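Asks: Here's my sequence, what's the structure:
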Amino acid sequence: MKTSIHNFTIIALIIAVLTSSATQKVKAESTLTKFGAIAKAESLIPIRPGIPGKSPFWNGSAHQFIYAPAFDYKPIAGAANYLYKITCEDKTTHNFSNKVPYAALSEAWKAMPTGFFELRVIAGLAGSGKYYKAAFFNGPYHQPVMAYDKSAEIALNNLLHKDYVEYWITNKVPDPDYQYYRYPAKIYSALIVGAVTHARLKPNTPDAERSIQLARIVADYLIGISFREGSVWEFFPPTYYGPRIKNNPGSHMNLTTNFTIMGADAGNAYLDLYDYTGEVKYLDAAKRIAATYLKNQMDKGSWYLFVNYETGAPLAENIVIPTAPVNYFIRLKKDYKVEGLEQMTEKAMNWIMENPVKTFNWQGQFEDVKAFEPYKRQSREQACDMAVYLFNNKGDFALAEELVRFAEDQFVIWEQPLPIIVGNNDKKNEQSGWNSKYWITPSVQEQYGFFMPVNRTAAIMIETYWAAYTATKKEIYLAKATSIANAITLVQKEHDGDYPTMFTKYKMNFWLNSVVYPAKTMMKLEKNLQ
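Replies: Reported below is the predicted structural model:
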């Protein structure tokens with residue numbers, strides 16, 4: 001079996017001339033910080049390595065590896081020993097032998113530099129491939145440009161005075177020129193949360209009054225366009241809406257499609273607004289969403305990812321990894337004394353434990369990506385959610401730390417990003433944020449299929465490291481959290497106070513949810529550090 005970086009679902013162009021020479025790489029890795037020494041030693045420990053018939057090989061479409069990987073190479077009849085031949089891009093070789101062709105590369109990993117390497121497992125030829133060894137943590141990185149909470153306040157204030165946000169206040173409807181308003185459940189919900197958060201920053205001021213007026217307008221509009229009462233997914237906010245959505249039978253993005261995980265986003269937004277205003281209609285809207293989840297939960301404990309909202313018929317066999325709904329149900333029970341959710345919550349949690357926790361099929365859950373087969377579009381959000389849940393509830397810390405390591409291994413770039421151009425393989429993307437040489441690190445990539453450094457993704461990783469630090473008291477987790485937070489302030493400086501969606505010096509697509517959630521995370525981190 002041959003596994004290659006060229007099999008990735010994005011088109012990647014390997015840049016011929018790297019920003020650092022191999023000699024510089026070796027020098028950098030030989031100068032270890034206190035945490036760098038710890039991280040280098042930990043990088044030799046594989047993450048859930050595959051074993052035929054026992055543990056699945058989940059990394060066939062991976063982009064990078066911080067921790068020593070193992071690959072799904074097949075045994076050759078009669079072979080009693082396999083030679084692992086590794087050639088790195090600095091021309092060094094690192095060989096070892098093992099009785100199986102799918103052993104983790106731990107024995108050679110310590111001496112290998114950051115960068116591409118070619119692997120051949122020989123007894124005949126059991127397998128070969130080209131991979132990227134990513135840099136382990138050697139921080140802390142950077143100093144913050146400003147206090148984290150001040151950074152967040154500036155970013156939120158900038159967002160809430162954008163023209164396409166002001167449009168709501170003037171016209172009571174979404175601005176048709178802002179393309180991402182086509183995803184109401186995600187984007188309207190984020191705007192409500194951002195407006196309430198902003199109002200709390202400036203109590204008893206005209207700014208607070210304006211922000212709450214905005215939140216009410218958006219929330220009322222979202223409730224008004226929600227799926228009709230009597231439909232299978234009644235009261236859920238639409239995933240897709242507006243003139244930019246065309247009913248195309250060949251696309252999953254139709255007006256009748258419900259991306260079921262997103263109900264929790266809207267419910268949480270309504271709860272935030274209820275907390276501020278005390279207006280019961282928003283609490284009722286949140287409760288109705290939970291009730292619809294309850295009536296549609298499958299016996300196995302979760303929900304189909306994409307369904308027709310009127311009939312409930314699934315568009316694909318993919319199932320929700322329901323960490324967000326579980327957290328939503330817990331919030332309703334704990335903070336609002338909503339009864340009748342306990343069994344649903346337990347069944348959903350059991351499904352998570354029996355499925356992705358065992359299979360490591362942490363499939364991406366994104367409304368703008370169609371359903372894919374297992375392991376092709378891995379992401380890290382639900383794995384992080386699960387780790388945070390375990391840390392916060394004094395659960396299995398060993399499992400929680402394994403999930404953190406998975407998320408870091410596959411999606412965190414501490415330094416020296418793999419040299420790629422994401423997207424179309426053409427000249428126009430060379431001088432742009434799609435080119436990894438213009439990424440600002442540390443960064444956190446969103447998913448295999450969109451291996452870009454996204455701000456909201458970075459915020460999720462900060463929250464995960466903070467939860468790990470709080471539970472285990474390991475200082476390296478705090479160093480990792482603050483390193484990513486510091487990078488957020490650096491990116492903000494490059495973008496005139498905005499929180500851009502991508503960690504790059506170039507202006508790119510601007511998703512407002514990638515302002516709101518990082519801002520909340522930065523404010524929380526500053527408060528926690530005091």
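Asks: Go ahead and measure how far the host helix or strand of Gly129 is from the middle of the chain.
Replies: Element membership of Gly129, judged by DSSP states H and E, is strand 127-133. How far strand 127-133 lies from its chain's middle: 24 Å, per C-alpha atoms, centre = their mean, to the nearest Å.
Asks: got it, and stretch 229-246?
Replies: Centroid separation for stretch 229-246 versus its chain: 25 Å, with C-alpha atoms, centre = their mean.
Asks: Stretch 513-524 too?
Replies: Distance of stretch 513-524 from its chain centroid, counting by C-alpha atoms, centre = their mean, is 14 Å.
Asks: can you map out the strands along the protein?
Replies: 2-4, 82-88, 93-98, 115-122, 127-133, 257-259, 306-308, 412-413, 443-447, 450-453 (DSSP state E).
Asks: What lies in contact with the last one?
Replies: What that stands for is strand 450-453. For strand 450-453, contacts defined as C-beta atoms under 8 Å, 6 or more residues apart in numbering pick out 8, 10, 12, 63, 366, 369, 413, 420, 422, 433-434, 439-441, 443-446, 502-504. C-beta: built from backbone N, CA, C; applies to glycine.
Asks: re earlier: would you single out the least confident of the strands of the chain?
Replies: Of all those, mean pLDDT reaches its minimum on strand 2-4 (a mean of 36).
Asks: just checking, what packs against the strand holding Gly129?
Replies: Helices and strands touching strand 127-133, as assessed by 3 or more C-beta pairs under 8 Å, 6 or more residues apart in numbering; DSSP states H and E, comprise strand 2-4, strand 115-122.
Asks: now these in JSON lines, with mean neighbour count and distance to Ile212?
Replies: Formatted as JSON lines, the helices and strands packed on strand 127-133 follow (neighbours: other C-beta atoms under 10 Å; distance: least, C-beta to C-beta, whole Å):
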{"stretch": "strand 2-4", "mean neighbour count": "14", "distance to Ile212": "52"}
{"stretch": "strand 115-122", "mean neighbour count": "19", "distance to Ile212": "51"}
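Asks: Out of those strands, the one nearest Thr197 is which?
Replies: The closest of these to Thr197 is strand 115-122. By C-beta to C-beta, the value is 41.3 Å.
Asks: Low-confidence stretches in this protein?
Replies: Counting by pLDDT under 70, the chain has low-confidence residues at 1-30, 424-427.
Asks: which residue of this structure sits farthest from its center?
Replies: Residue distances from the centre of the chain (C-alpha atoms, centre = their mean) peak at Gly78, which lies 43.4 Å from the mean C-alpha position.
Asks: quick one: that residue from Ala123, how far?
Replies: 9 Å (C-beta to C-beta, to the nearest Å).
Asks: coming back round to it: could you dump the helices and strands packed on strand 127-133 to JSON lines with distance to Gln179?
Replies: Converted to JSON lines, these look like this (distance: least, C-beta to C-beta, whole Å):
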{"stretch": "strand 2-4", "distance to Gln179": "34"}
{"stretch": "strand 115-122", "distance to Gln179": "36"}
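Asks: Please name whichever of those strands is nearest to Leu332.
Replies: Among the helices and strands packed on strand 127-133, strand 2-4 comes nearest to Leu332, with 43.6 Å by C-beta to C-beta.
Asks: Okay, domains of the chain per the record?
Replies: Domain segmentation of the chain under automatic domain parsing yields 2-133, 184-367.
Asks: I'd like the ones you listed written out as TSV, with distance to Tyr164 added.
Replies: As requested, these are exported to TSV (distance: least, C-beta to C-beta, whole Å):
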stretch	distance to Tyr164
domain 2-133	28
domain 184-367	10
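Asks: from the contacts of strand 450-453, which ones fall inside helices?
Replies: Among those, none falls in helices (DSSP state H).
Asks: Of the residues you listed, grab the buried ones for ChimeraX.
Replies: Those of the contacts of strand 450-453 that count as buried under 16 or more other C-beta atoms under 10 Å are selected in ChimeraX with:
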select :8,10,12,63,366,369,413,420,422,433,434,439,440,441,443,444,445,446,502,503,504
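Asks: For Glu475, find the nearest of the strands of the chain.
Replies: Using C-beta to C-beta, the nearest of these to Glu475 is strand 412-413, at 17.5 Å.
Asks: What residues sit buried inside stretch 504-524?
Replies: Within stretch 504-524, the residues that qualify as buried by neighbour count (16+ other C-beta under 10 Å) are 504, 510-524.
Asks: repeat for stretch 261-272
Replies: Within stretch 261-272, the residues scored as buried using 16+ other C-beta under 10 Å are Ile261, Met262, Gly263, Ala264, Asp265, Ala266, Gly267, Asn268, Ala269, Tyr270, Leu271, Asp272.
Asks: Repeat that for stretch 160-175.
Replies: The neighbour-count check on stretch 160-175 (16+ other C-beta under 10 Å) flags Leu160, Tyr164, Val165, Tyr167, Trp168, Pro174, Asp175 as buried.
Asks: Stretch 54-73 now?
Replies: Neighbour-count burial for stretch 54-73, counted by 16+ other C-beta under 10 Å, picks out 56-73.
Asks: ok so, going back, looking at the helices and strands packed on strand 127-133, which is closest to Asp335?
Replies: Per C-beta to C-beta, nearest to Asp335 of the helices and strands packed on strand 127-133: strand 2-4, 46.3 Å.
Asks: And the helices in the stretch 101-250 of the chain, which stretches?
Replies: 106-109, 148-159, 163-171, 184-201, 206-224 (DSSP state H, counting those that start in this stretch).
Asks: would TSV of the strands of the chain with distance to Tyr183 be doable?
Replies: As requested, the strands of the chain are exported to TSV (distance: least, C-beta to C-beta, whole Å):
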stretch	distance to Tyr183
strand 2-4	34
strand 82-88	43
strand 93-98	46
strand 115-122	36
strand 127-133	32
strand 257-259	9
strand 306-308	14
strand 412-413	26
strand 443-447	15
strand 450-453	15
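Asks: Of the ones you listed, which is nearest Cys384?
Replies: Relative to Cys384, the nearest member of the strands of the chain by C-beta to C-beta is strand 443-447, separated by 9.7 Å.
Asks: And the contacts of the closest one?
Replies: 63, 364, 366, 369, 377-380, 410-413, 417, 451-454, 457-458, 460-461, 484, 487, 503.
Asks: Just the buried subset of these, please.
Replies: 63, 364, 366, 369, 377-380, 410-413, 417, 451-454, 457-458, 460-461, 484, 487, 503.
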